[in-house]
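Trainee: after the sequence you'll find the predicted model.
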Amino acid sequence: MRAMARSHDSVTDGTAAGKRAEKAKSQVMAAIGGLVDEGKAEWNHTATGDIELRLLSGEVFVLGEVSVTRVA
């Protein structure tokens, strides 16, 4: 369940700022993937195509294309 493929079209626009944003997003997703690999979190795709992240401590987040929203 480690791999979560995402479309990056809306973030990567070819500009320097777009490239920095894509690099930052990649680093965040790698860190979250590390939590999943360590068994500290689980993630699943929602019906809308976003990623729902559930931490073992109980917090729930929705990882949107360019945002993270805590829902519980």
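Mentor: Done, it's in.
Trainee: residues contacting Phe61?
Mentor: By Cβ atoms under 8 Å, 6 or more residues apart in numbering, the contact set of Phe61 is 52-53, 55, 68-71. For every residue, glycine as well, the C-beta is placed using N, CA and C.
Trainee: mind listing which of these are in strands?
Mentor: 52-53, 55, 68-70 (DSSP state E).
Trainee: give the buried residues for the helix or strand hosting Lys19.
Mentor: Taking DSSP states H and E as the criterion, Lys19 maps to helix 16-37. Neighbour counts over helix 16-37 (16 or more other Cβ atoms under 10 Å) mark 21, 25, 32-33, 36 as buried.
Trainee: stretch 47-56 too?
Mentor: Of the residues in stretch 47-56, 50-54 count as buried by neighbour count, 16+ other Cβ under 10 Å.
Trainee: re the thing from before, where is pLDDT lowest across the ones in strands among the contacts of Phe61?
Mentor: Confidence by pLDDT is poorest for Val68 among the ones in strands among the contacts of Phe61, given 91.
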